[in-house]
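Trainee: below: sequence and its predicted model.
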Amino acid sequence: MKFIDKAKIYVKAGDGGNGCVAWRREKFVPMGGPAGGNGGKGGDVILEADSRLQTLMDFKYKKHYKAERGQHGSGSNKHGKNAPDLILKVPVGTIVKDAETGELIADLTKEGQRVVVAKGGRGGKGNAMFKSSTNQAPDYAEEGEKGEEKWIELELKLIADVGIIGFPNAGKSTLISVLSHARPKIADYPFTTLSPVLGVLQLDIGKSLVLADIPGLIEGASEGAGLGHEFLRHIERTKFLLHVIDVSDFREREPIEAFEAINKELGSYSEKLLEKPQLIVGNKIDILSDRSYLDTLKEEFNKRGYEFIPVSAATKENIDKLVEKLKKLYKNIANS
(Lines give C-alpha, C1' and ligand atoms only; values in the text may rest on other atoms or scores of the structure.)
Protein backbone atom coordinates (compact mmCIF):
# COMPACT_ATOMS: atom_id res chain seq x y z
CA MET A 1 0.00 0.00 0.00
CA LYS A 2 1.31 3.43 -0.89
CA PHE A 3 2.11 5.65 2.07
CA ILE A 4 0.06 8.86 1.89
CA ASP A 5 0.64 11.31 4.73
CA LYS A 6 -1.11 14.43 3.42
CA ALA A 7 -4.63 15.03 2.13
CA LYS A 8 -7.05 17.88 1.53
CA ILE A 9 -10.77 17.12 1.73
CA TYR A 10 -14.10 18.95 1.62
CA VAL A 11 -16.56 18.23 4.43
CA LYS A 12 -20.22 19.28 4.51
CA ALA A 13 -22.39 18.65 7.55
CA GLY A 14 -26.06 17.86 7.07
CA ASP A 15 -28.63 20.64 6.90
CA GLY A 16 -31.31 20.70 9.55
CA GLY A 17 -34.75 19.43 8.56
CA ASN A 18 -37.47 22.00 7.95
CA GLY A 19 -40.20 22.66 10.47
CA CYS A 20 -43.74 21.80 9.38
CA VAL A 21 -46.89 23.93 9.07
CA ALA A 22 -49.82 21.68 10.00
CA TRP A 23 -53.11 21.80 11.91
CA ARG A 24 -54.93 19.47 14.19
CA ARG A 25 -57.57 17.59 12.22
CA GLU A 26 -59.10 15.33 14.86
CA LYS A 27 -62.78 14.53 14.87
CA PHE A 28 -64.86 16.78 17.11
CA VAL A 29 -62.10 19.47 17.19
CA PRO A 30 -63.55 22.01 14.74
CA MET A 31 -60.91 24.70 15.37
CA GLY A 32 -57.75 22.57 15.49
CA GLY A 33 -54.66 24.50 16.49
CA PRO A 34 -51.14 24.35 15.02
CA ALA A 35 -49.58 20.88 15.03
CA GLY A 36 -46.46 21.15 12.87
CA GLY A 37 -43.43 19.29 14.23
CA ASN A 38 -39.81 20.44 14.30
CA GLY A 39 -37.17 19.34 11.83
CA GLY A 40 -34.37 17.01 12.89
CA LYS A 41 -30.73 18.06 13.31
CA GLY A 42 -28.32 17.51 10.42
CA GLY A 43 -25.49 15.03 10.86
CA ASP A 44 -22.07 16.20 12.03
CA VAL A 45 -18.88 15.24 10.19
CA ILE A 46 -16.52 13.67 12.74
CA LEU A 47 -12.93 12.48 12.42
CA GLU A 48 -11.93 9.56 14.65
CA ALA A 49 -8.39 8.28 15.26
CA ASP A 50 -8.00 4.58 14.48
CA SER A 51 -4.74 2.75 15.26
CA ARG A 52 -5.45 0.15 12.55
CA LEU A 53 -4.81 2.80 9.88
CA GLN A 54 -1.29 3.92 8.98
CA THR A 55 -1.89 6.09 5.93
CA LEU A 56 -4.31 8.71 4.57
CA MET A 57 -4.72 6.63 1.41
CA ASP A 58 -8.54 6.59 1.70
CA PHE A 59 -8.62 10.35 1.12
CA LYS A 60 -6.40 10.37 -1.98
CA TYR A 61 -9.18 9.55 -4.42
CA LYS A 62 -12.33 10.59 -2.58
CA LYS A 63 -12.19 14.27 -1.66
CA HIS A 64 -15.81 15.20 -0.84
CA TYR A 65 -17.74 14.01 2.22
CA LYS A 66 -21.29 15.00 3.06
CA ALA A 67 -23.42 14.05 6.07
CA GLU A 68 -27.17 13.48 5.74
CA ARG A 69 -29.71 16.21 6.42
CA GLY A 70 -32.20 16.01 9.27
CA GLN A 71 -35.70 14.72 8.58
CA HIS A 72 -38.43 17.33 8.08
CA GLY A 73 -41.09 17.78 10.73
CA SER A 74 -44.61 16.57 9.98
CA GLY A 75 -48.18 16.94 11.22
CA SER A 76 -49.55 15.73 14.54
CA ASN A 77 -46.54 17.35 16.23
CA LYS A 78 -44.18 14.70 14.86
CA HIS A 79 -40.59 15.86 14.94
CA GLY A 80 -38.16 14.81 12.23
CA LYS A 81 -35.40 12.37 13.15
CA ASN A 82 -31.88 13.65 13.68
CA ALA A 83 -29.53 12.53 10.91
CA PRO A 84 -26.70 10.12 11.79
CA ASP A 85 -23.23 11.60 12.09
CA LEU A 86 -20.71 10.85 9.35
CA ILE A 87 -17.61 9.37 11.01
CA LEU A 88 -14.38 9.35 9.02
CA LYS A 89 -11.55 7.17 10.36
CA VAL A 90 -8.01 8.57 10.23
CA PRO A 91 -4.68 7.23 11.54
CA VAL A 92 -3.59 8.05 15.07
CA GLY A 93 -1.20 10.99 14.74
CA THR A 94 -3.31 12.95 12.24
CA ILE A 95 -3.21 16.73 12.49
CA VAL A 96 -6.33 18.54 11.24
CA LYS A 97 -6.19 22.13 9.96
CA ASP A 98 -8.61 24.55 8.35
CA ALA A 99 -7.37 24.68 4.75
CA GLU A 100 -8.36 28.31 4.29
CA THR A 101 -6.99 29.85 7.51
CA GLY A 102 -4.35 27.29 8.46
CA GLU A 103 -5.85 27.19 11.96
CA LEU A 104 -5.18 23.99 13.92
CA ILE A 105 -8.47 22.19 14.53
CA ALA A 106 -7.15 19.07 16.27
CA ASP A 107 -4.17 16.80 16.84
CA LEU A 108 -5.50 13.26 17.11
CA THR A 109 -2.83 11.44 19.10
CA LYS A 110 -4.90 8.82 20.94
CA GLU A 111 -6.92 5.81 19.81
CA GLY A 112 -10.62 6.67 19.56
CA GLN A 113 -10.05 10.43 19.91
CA ARG A 114 -12.67 12.41 17.99
CA VAL A 115 -13.18 15.91 16.66
CA VAL A 116 -16.23 17.47 14.99
CA VAL A 117 -14.93 19.19 11.86
CA ALA A 118 -18.35 20.34 10.57
CA LYS A 119 -21.46 20.76 12.74
CA GLY A 120 -24.85 19.74 11.47
CA GLY A 121 -27.54 22.41 11.15
CA ARG A 122 -30.25 22.77 13.79
CA GLY A 123 -33.70 21.62 12.77
CA GLY A 124 -36.28 24.30 12.00
CA LYS A 125 -39.21 24.86 14.37
CA GLY A 126 -42.66 23.76 13.33
CA ASN A 127 -45.62 26.14 13.58
CA ALA A 128 -46.72 24.56 16.88
CA MET A 129 -43.66 26.18 18.48
CA PHE A 130 -44.83 29.65 17.48
CA LYS A 131 -48.26 29.48 19.12
CA SER A 132 -48.70 32.19 21.76
CA SER A 133 -51.43 34.04 23.58
CA THR A 134 -51.38 36.67 20.86
CA ASN A 135 -50.97 34.28 17.94
CA GLN A 136 -53.16 31.21 18.26
CA ALA A 137 -52.80 30.08 14.65
CA PRO A 138 -49.27 30.73 13.32
CA ASP A 139 -49.13 29.76 9.67
CA TYR A 140 -45.36 29.66 9.31
CA ALA A 141 -42.43 27.45 10.29
CA GLU A 142 -38.64 27.67 10.18
CA GLU A 143 -36.36 26.17 7.61
CA GLY A 144 -33.54 24.05 8.99
CA GLU A 145 -30.13 25.65 9.45
CA LYS A 146 -27.45 24.93 6.89
CA GLY A 147 -24.75 22.53 8.01
CA GLU A 148 -21.18 23.79 8.22
CA GLU A 149 -18.90 23.20 5.25
CA LYS A 150 -15.19 23.69 4.76
CA TRP A 151 -12.01 22.35 3.22
CA ILE A 152 -9.67 20.76 5.74
CA GLU A 153 -6.08 19.58 5.52
CA LEU A 154 -4.99 16.31 7.06
CA GLU A 155 -1.34 15.71 7.87
CA LEU A 156 -0.04 12.52 9.41
CA LYS A 157 2.82 12.55 11.89
CA LEU A 158 3.58 9.02 12.97
CA ILE A 159 3.43 8.18 16.64
CA ALA A 160 6.69 6.42 17.50
CA ASP A 161 9.02 6.33 20.50
CA VAL A 162 12.22 6.00 18.49
CA GLY A 163 13.08 7.52 15.12
CA ILE A 164 15.70 5.59 13.15
CA ILE A 165 17.67 8.00 10.97
CA GLY A 166 20.72 7.86 8.73
CA PHE A 167 21.80 7.91 5.11
CA PRO A 168 20.31 5.45 2.61
CA ASN A 169 22.11 2.10 2.80
CA ALA A 170 23.26 2.62 6.40
CA GLY A 171 21.30 -0.55 7.19
CA LYS A 172 18.29 1.01 8.94
CA SER A 173 15.77 -1.38 7.39
CA THR A 174 17.77 -4.46 8.37
CA LEU A 175 18.14 -3.08 11.89
CA ILE A 176 14.43 -2.43 12.39
CA SER A 177 13.62 -5.91 11.05
CA VAL A 178 16.05 -7.43 13.57
CA LEU A 179 14.80 -5.34 16.49
CA SER A 180 11.12 -5.87 15.72
CA HIS A 181 8.75 -7.85 13.56
CA ALA A 182 8.61 -5.21 10.83
CA ARG A 183 9.32 -6.54 7.36
CA PRO A 184 10.55 -3.64 5.22
CA LYS A 185 11.79 -4.13 1.68
CA ILE A 186 15.56 -4.62 1.96
CA ALA A 187 18.14 -4.47 -0.83
CA ASP A 188 21.61 -3.08 -1.36
CA TYR A 189 20.78 0.17 -3.08
CA PRO A 190 19.64 3.61 -1.88
CA PHE A 191 15.98 4.44 -1.29
CA THR A 192 14.86 0.82 -0.91
CA THR A 193 12.51 2.06 1.80
CA LEU A 194 10.20 4.58 0.16
CA SER A 195 7.92 5.19 3.13
CA PRO A 196 8.29 5.12 6.92
CA VAL A 197 8.25 1.64 8.43
CA LEU A 198 6.91 1.05 11.93
CA GLY A 199 8.12 -1.81 14.10
CA VAL A 200 7.58 -2.76 17.74
CA LEU A 201 10.43 -3.82 20.02
CA GLN A 202 9.16 -5.86 22.97
CA LEU A 203 11.21 -5.16 26.09
CA ASP A 204 11.52 -7.74 28.88
CA ILE A 205 10.08 -5.24 31.38
CA GLY A 206 6.58 -5.69 30.01
CA LYS A 207 6.83 -2.59 27.84
CA SER A 208 7.32 -2.03 24.14
CA LEU A 209 8.96 0.62 21.98
CA VAL A 210 7.51 1.73 18.67
CA LEU A 211 10.31 2.26 16.14
CA ALA A 212 10.00 4.32 12.96
CA ASP A 213 12.48 3.89 10.11
CA ILE A 214 12.55 7.28 8.38
CA PRO A 215 13.60 6.83 4.74
CA GLY A 216 15.59 8.83 2.28
CA LEU A 217 17.59 11.29 4.37
CA ILE A 218 20.34 12.78 2.22
CA GLU A 219 22.16 16.09 2.13
CA GLY A 220 19.61 18.71 1.11
CA ALA A 221 16.66 16.75 2.54
CA SER A 222 15.41 19.76 4.52
CA GLU A 223 15.08 21.63 1.21
CA GLY A 224 13.32 18.73 -0.46
CA ALA A 225 16.17 16.65 -1.89
CA GLY A 226 15.74 12.88 -1.98
CA LEU A 227 12.76 11.60 -0.04
CA GLY A 228 13.68 13.04 3.34
CA HIS A 229 11.75 16.32 3.29
CA GLU A 230 8.47 14.41 2.98
CA PHE A 231 9.23 12.36 6.07
CA LEU A 232 11.19 14.61 8.44
CA ARG A 233 7.94 15.57 10.16
CA HIS A 234 7.57 12.00 11.39
CA ILE A 235 10.63 12.41 13.61
CA GLU A 236 9.04 15.32 15.47
CA ARG A 237 6.96 13.16 17.83
CA THR A 238 9.70 10.65 18.69
CA LYS A 239 11.27 10.65 22.15
CA PHE A 240 14.79 9.90 20.95
CA LEU A 241 16.72 9.05 17.77
CA LEU A 242 18.72 6.02 16.73
CA HIS A 243 21.32 7.43 14.34
CA VAL A 244 22.56 4.57 12.14
CA ILE A 245 25.92 5.01 10.39
CA ASP A 246 27.74 2.68 7.99
CA VAL A 247 31.21 1.97 9.46
CA SER A 248 32.16 -0.83 7.04
CA ASP A 249 35.11 -0.96 4.66
CA PHE A 250 32.65 -0.16 1.87
CA ARG A 251 31.19 2.99 3.40
CA GLU A 252 30.44 5.85 1.01
CA ARG A 253 31.50 8.56 3.49
CA GLU A 254 33.38 8.82 6.76
CA PRO A 255 31.15 8.16 9.81
CA ILE A 256 31.72 11.54 11.47
CA GLU A 257 31.04 13.28 8.16
CA ALA A 258 27.84 11.27 7.71
CA PHE A 259 26.74 12.04 11.28
CA GLU A 260 27.29 15.78 10.89
CA ALA A 261 25.60 15.92 7.47
CA ILE A 262 22.42 14.25 8.77
CA ASN A 263 22.33 16.47 11.86
CA LYS A 264 22.72 19.51 9.64
CA GLU A 265 19.58 18.45 7.77
CA LEU A 266 17.69 17.90 11.02
CA GLY A 267 18.66 21.36 12.26
CA SER A 268 17.72 23.00 8.96
CA TYR A 269 14.26 21.47 9.21
CA SER A 270 13.76 22.20 12.92
CA GLU A 271 16.20 23.06 15.71
CA LYS A 272 13.97 21.04 18.06
CA LEU A 273 15.01 17.85 16.30
CA LEU A 274 18.61 18.42 17.41
CA GLU A 275 17.45 18.64 21.03
CA LYS A 276 16.30 15.02 20.98
CA PRO A 277 18.64 12.46 22.57
CA GLN A 278 20.60 10.48 19.97
CA LEU A 279 22.18 7.06 20.28
CA ILE A 280 24.80 6.47 17.57
CA VAL A 281 24.79 2.98 16.05
CA GLY A 282 27.82 2.03 13.96
CA ASN A 283 26.43 -0.67 11.67
CA LYS A 284 28.02 -3.30 9.39
CA ILE A 285 30.97 -4.15 11.64
CA ASP A 286 30.89 -7.65 10.11
CA ILE A 287 32.51 -6.16 7.00
CA LEU A 288 35.01 -3.96 8.83
CA SER A 289 38.55 -5.36 8.62
CA ASP A 290 40.22 -3.15 11.27
CA ARG A 291 38.14 -3.28 14.47
CA SER A 292 40.48 -0.82 16.24
CA TYR A 293 38.76 1.85 14.12
CA LEU A 294 35.71 1.42 16.37
CA ASP A 295 37.67 2.67 19.40
CA THR A 296 38.57 5.81 17.47
CA LEU A 297 34.93 6.38 16.55
CA LYS A 298 33.75 5.78 20.10
CA GLU A 299 36.20 8.39 21.36
CA GLU A 300 35.15 10.90 18.68
CA PHE A 301 31.43 10.51 19.42
CA ASN A 302 32.00 10.60 23.19
CA LYS A 303 33.78 13.94 22.74
CA ARG A 304 30.60 15.23 21.10
CA GLY A 305 28.48 13.94 23.97
CA TYR A 306 27.02 10.87 22.26
CA GLU A 307 27.17 7.19 23.13
CA PHE A 308 28.40 4.93 20.32
CA ILE A 309 27.41 1.27 19.95
CA PRO A 310 28.96 -0.82 17.13
CA VAL A 311 26.67 -3.56 15.78
CA SER A 312 26.03 -5.82 12.83
CA ALA A 313 22.36 -5.98 11.95
CA ALA A 314 23.20 -8.70 9.41
CA THR A 315 24.85 -11.09 11.92
CA LYS A 316 23.07 -9.70 15.01
CA GLU A 317 26.41 -9.01 16.74
CA ASN A 318 25.93 -6.64 19.72
CA ILE A 319 22.18 -6.36 19.06
CA ASP A 320 21.58 -7.53 22.65
CA LYS A 321 23.71 -4.61 23.92
CA LEU A 322 21.73 -2.22 21.75
CA VAL A 323 18.43 -3.54 23.12
CA GLU A 324 19.70 -3.12 26.70
CA LYS A 325 20.68 0.47 25.94
CA LEU A 326 17.28 1.17 24.39
CA LYS A 327 15.65 -0.24 27.51
CA LYS A 328 17.76 2.06 29.68
CA LEU A 329 16.89 5.08 27.54
CA TYR A 330 13.22 4.15 27.74
CA LYS A 331 13.37 4.00 31.55
CA ASN A 332 15.15 7.37 31.75
CA ILE A 333 12.55 9.03 29.55
CA ALA A 334 9.63 7.35 31.35
CA ASN A 335 10.95 8.61 34.69
CA SER A 336 11.76 12.14 33.52
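Mentor: Sure, I can see it. Numbering: from 1, shown residues only.
Trainee: helices or strands up against the helix or strand residue 262 falls within?
Mentor: Assigned by DSSP states H and E, residue 262 falls within helix 255-269. Helices and strands touching helix 255-269, by 3 or more C-beta pairs under 8 Å, 6 or more residues apart in numbering; DSSP states H and E, are strand 240-246, helix 271-274, helix 292-303. For every residue, glycine as well, the C-beta is placed using N, CA and C.
Trainee: and the helix ranked longest in the chain, what does it pack onto?
Mentor: Ordering each helix of the chain by length in residues (DSSP state H) puts helix 319-335 first. Counting contacts by 3+ C-beta pairs under 8 Å, 6+ apart, helix 319-335 is packed against helix 172-179, strand 240-246, strand 278-283, strand 307-310.
Trainee: which one of these has the lowest average pLDDT?
Mentor: By mean pLDDT, the lowest-scoring of those turns out to be helix 172-179, with a mean of 88.
Trainee: residue 82 contacts residue 40, correct?
Mentor: Yes. With contact defined as C-beta atoms under 8 Å, residue 82 reaches residue 40; the gap is 4.4 Å.
Trainee: shared neighbours, those two?
Mentor: Common contact partners of residue 82 and residue 40 (C-beta atoms under 8 Å, 6 or more residues apart in numbering): 70, 71, 123.
Trainee: ok so, going back, starting at the chain centroid, how far to the helix holding residue 262?
Mentor: Relative to its chain's centre, helix 255-269 lies at 26 Å (C-alpha atoms, centre = their mean, to the nearest Å).
Trainee: with stretch 77-95 instead?
Mentor: Here stretch 77-95 is found 20 Å from its chain centre; the criterion is C-alpha atoms, centre = their mean.
Trainee: of the helices and strands packed on helix 319-335, which approaches residue 100 most closely?
Mentor: Residue 100 sits nearest to strand 240-246 of all the helices and strands packed on helix 319-335, at 35.1 Å, using C-beta to C-beta.
Trainee: neighbouring strands for the closest one, and are they parallel or not?
Mentor: Strand 240-246 pairs in its sheet with strand 162-165 (parallel), strand 278-283 (parallel), by DSSP bridges.
Trainee: residues touching the longest one, excluding its own?
Mentor: Put plainly, it is strand 278-283. Contacts with strand 278-283, where a contact means C-beta under 8 Å, 6+ apart, come from 170-171, 174-175, 240-248, 255, 259, 294, 297, 301, 306-313, 322, 325-326, 329.
Trainee: filter the residues you listed down to the buried ones, ChimeraX style.
Mentor: Only the buried entries of the contacts of strand 278-283 go into this ChimeraX selection, using 16 or more other C-beta atoms under 10 Å:
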select :170,171,174,175,240,241,242,243,244,245,246,247,248,255,259,294,297,301,308,309,310,311,312,313,322,325,326,329
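Trainee: got the domain boundaries for this protein?
Mentor: The record assigns the chain these domain ranges, following automatic domain parsing: 6-156, 162-335.
Trainee: could you work out the end-to-end span of the shortest one for me?
Mentor: Between the start and the finish of domain 6-156 there is a gap of 6 Å, counting by C-alpha to C-alpha, to the nearest Å.
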